[in-house]
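Engineer: A predicted structure for the sequence below; I have some questions about it.
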Amino acid sequence: MAASTQSPAPPGAIERRAPRAAQSWARACIAVAVTIAVFGAVLSTGVFGPDASRIIANLGLFLAALGASAACLFRAARFGGRMRAGWAIIGLGALSWSVGRVLAFRLETSTGTVPLPSEADFGYQGMVLLTTVGLLVLPVAAQTLANRARSVLDGLMVAASLLLMASYVVYEPIFEAGVANVRGLLVNLWYPVGDVVIVTILVYMLALQRRQGSGLARLALVGAGIAAFTVSDIGFAYLNMHSAYSSGGAIDVGWFAGFLLILLAAAKPAGTYPDAGSDAADSRPFGVLLPYVAVLAALVVSVIWFLRTGQSSAFTSYTRSAIILLIVGRQLLTLLENRSLTGNLETRVADRTAELSSSEQRFHSLVQHSSDVVTVVGTDAEVLYQSESVQRVFGYSPGLLTGRRLTSLLEPAAAARLAGALRSVTERPHATTMLELTVPHRDRRLRQAEITITNLLDDPNVGGLVLNTRDISERKELQEQLVHEAYHDALTQLANRALFRERVSAALDQRRADDDVTVLFLDLDGFKEVNDSLGHIAGDQLLVQVAERLSTSVRSGDVVARFGGDEFAVLISSPLGAGEAELVAQRIVDGLHEPFLVDARTLHVRGSIGLASYTTLAGGEDSGNAEQLMRNADLAMYKAKGTGGSSFASYDPRMLAGLVERLELEADLRLALDRNELRVHYQPTIDMVDSRVVGFEALVRWQHPTRGMISPLDFIPIAEATGLIVPLGRWVLTEACRQAVEWAKRDNQRPIKMAVNVSVRQFDRSDLPTVVREVLTETGMPADQLCLEMTESVLMTDTEENLAQLVRLKALGVTLAIDDFGTGYSSLAYLRRFPVDMLKIDRSFIERLGEQTDDTALASTIVQLGQSLGMTTVAEGIEEYGQLAALRDMGCTFAQGFYFSRPVPAGEAGRLLPQGADAAVA
């Protein structure tokens, strides 16, 4: 049938709606039954008189026909395609009958009789025609040719049987009585004949639908309605031929009931009840027996008629002959169909047998060639069946194992575990358990096996415990390899941080009262230079040799680990107070003094070691924390590195306090810019010739709200390490340029020279020239009055990148200076390549000037070097007049130092500008 055009409701909504629809339709069925009973009682008894009965009959039939028409049209609106057209035409047929009834009532009211034929018969006959067309339009299930032929024969048998019964009950008496009005006779006979046609169509459709449940109940209700029509039409024809019919009699009940049954068919909700044909097994007897029931009914009527009259007409004889021929044809068709079904069944049985045989062969092949070894044993572990795959997996032939106890092949411990597993599933049908065992191979190799045991003792096809055994030796080896890789360093094969932490935790948990647990943290000194100069391959080779040397320096029970890079750790468990950890640390330091040979090169590296023992944690809430112990060793390592390296240092709780203070200082420094806590102090630069103040160096200071003035030596390294030096440096640059421009506007002259330090971290950023240009533009500072100072490390690291940066800065017009010159490792070649304008002599060379020392010669050499390269020189750290005099004799250009002025705030520095060096000294 055609699908409904409505959108499908959600499953939950359908489940909620179905019970309500079923209840509503059940109530409608009860109401229809009650209405028919009341209507029949009123018309049969005539309790209200003939006139009232006629009015009730005509009104009831009109309303019933109109209601059936409305229900059919409403049903049509809920479908599409042929389903909609079929129900719409059936609805129009009921509407046509209601029109005919109105016309008949008008004629009966005006003339007192309804002639035959009359205009009302057009409406009645219209229903027969439209109902027939509507039923033929309704879609039916597609069937095979044999099923279609059997359905046609079924319909013809039912039609012939109904015609035969009608001929006995209606036509024979009519022909015997004789009729003068031939047209009236034809119209009179049209109604029962039309009903027979409709019933035949319905029987045909019901037979087609017997394997398709959808719509069968509706067709059955329509059929019941037409059957009620047939009874009334037969009675109408009989009474009309005897001029005994009048509306309002019991005959009208059949038409009334027929329309209400059609109304119920149209109103039946979809899916309310399972349709009668939904199950092929249940619907088939109906389709098979219905034609024979009709033939049997016709036979009974024929016998009764013959016993009463002793006569038989030619029509009835021909009809009986046709029925017999139809029965024979149907039986022949059934016989042919049964033979076809038998052949198909035999073919299917043969195909199924072949399929089962193939499946059995396939299963047998899969079992024999499976990677799993299938074994069936009894409750005593005796082998009842053994698949051939056991020879490929474990080297045993199946015949060797069959009949033997499987536990006899295993070691005692493995045999006991297997026997216990077998017992655990024996009392539970279909129970399953799994275990891993060591199984000996026939060649005496031990293999790891995973065994799944299933209890199939109750299965008659098995009758034992099924063991599916799989060799997982390779998987175990892979797992062990993955675990090793997860807990060991790939380069040195030492333990990694994760494994080392677990070992430290285990050592702390297992520590006795008189034991100590110590962690040594080692960091190589000079390893970065090896990596940078010789490459990472050479660095990796060096690390492997360091790992080997560490392993030979520790005791047999100690754990050596590599955390990554050049960081190593050692775990030592020893008696309290034995000092063994210090002895191991000293052996490691001494062992690293020996040179390493890498790619025919002799390399020297040193190590800084930090020691942290359990005793430093005793009494603390983190005394069992491995991370705490490892962190303490790390802190102690930095202490050892700070003393010059190539040594070891033990953890002291004050180191943690220093770290906490550093972290707090770092957190405060991140907020210092936002809180406006930073200040810029200015130290004047003096011209050696005329003692004028020619410029200032901008130096940052931090006015902490609680700690007071914090030295740059305390917070600048933190800013360098955390990257805060980048925003801090921009702020100092902006503030210094702004102050220089402000002084120039105050004195109505060109801004003086302003020197600002630039960090290596700032050079690491490619946007440094852009930042400088933006600051110059923002403050109005002339580029040639800005001097950027950098240390020699800028020349030594990332040479090409930093050279490009310096070239871009020089293009802006700023002056470039090397600060603390003489303390680094820059060569003359670097000085010639880089666009440097000024050398600032480090204060360490100034301290002993005036004495006959090497520092005097070095300072003089730097001055001469600057002069030869066309650079100006600035001496830093001048604190005495003798130093100043010596530098003047050398020809140094400019001077800075406490002798002239300490770094002072902007207000004080501004007063030094017009007064010169003498005022500064004063």
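Structural biologist: Yep, that arrived. These numbers come from a predicted model, not from an experiment.
Engineer: which strands and helices lie in contact with the host helix or strand of D233?
Structural biologist: D233 is part of helix 216-241, with elements assigned from DSSP states H and E. Judged by 3 or more C-beta pairs under 8 Å, 6 or more residues apart in numbering; DSSP states H and E, the packing partners of helix 216-241 are helix 172-177, helix 182-208, helix 252-267. No exception for glycine: its C-beta is placed from N, CA and C like everyone else's.
Engineer: what is the neighbour count of the closest residue to E567 other than its chain neighbours?
Structural biologist: Taking C-beta to C-beta, 6 or more residues apart in numbering, and ignoring the residues beside it in sequence, E567 has D523 as its nearest neighbour in space, at 5.6 Å. Neighbour count of D523, defined by other C-beta atoms under 10 Å: 21.
Engineer: now do D523 against A649, distance only.
Structural biologist: Applying C-beta to C-beta, to the nearest Å, the value for D523 to A649 is 12 Å.
Engineer: list residues touching both of the two?
Structural biologist: M637 (C-beta atoms under 8 Å, 6 or more residues apart in numbering).
Engineer: looks like T722 contacts L663 (just checking).
Structural biologist: No. Between T722 and L663 there is no contact, the gap being 10.5 Å when judged by C-beta atoms under 8 Å.
Engineer: pLDDT on the helix or strand hosting L92, on average?
Structural biologist: L92 belongs to helix 81-111 when assigned by DSSP H and E. Averaged over helix 81-111, pLDDT sits at 81.
Engineer: tell me the angle of it relative to helix 252-267?
Structural biologist: 150 degrees (axes from the mean of the first three to the mean of the last three C-alpha atoms, to 10 degrees).
Engineer: what sits against the closest residue in space to C29 that isn't next to it in sequence?
Structural biologist: In this structure, C29 finds its nearest non-sequential neighbour in L264, 6.4 Å apart by C-beta to C-beta, 6+ apart. When contacts are counted by C-beta under 8 Å, 6+ apart, L264 touches W25, A28, C29, V32, L221.
Engineer: by neighbours, which of those residues wins?
Structural biologist: Counting by other C-beta under 10 Å, top hit in those: L221 with 20 neighbours.
Engineer: roughly how far apart are the residue lying closest to that one once chain neighbours are set aside and D233?
Structural biologist: Among residues not flanking L221 along the chain, A265 sits closest, at 3.5 Å (C-beta to C-beta, 6+ apart). To D233, A265 is 19 Å away according to C-beta to C-beta.
Engineer: also R511?
Structural biologist: 110 Å.
Engineer: next: R54.
Structural biologist: 19 Å.
Engineer: what about those two, which has more around it?
Structural biologist: Using other C-beta under 10 Å as the criterion, R54 and D233 rank with D233 on top: 28 against 19.
Engineer: looking at the more buried one now. What's its pLDDT?
Structural biologist: Model confidence at D233 (pLDDT) stands at 72.
Engineer: that one touches I198, doesn't it?
Structural biologist: No. At 10.5 Å, D233 does not count as touching I198 under the criterion of C-beta under 8 Å.
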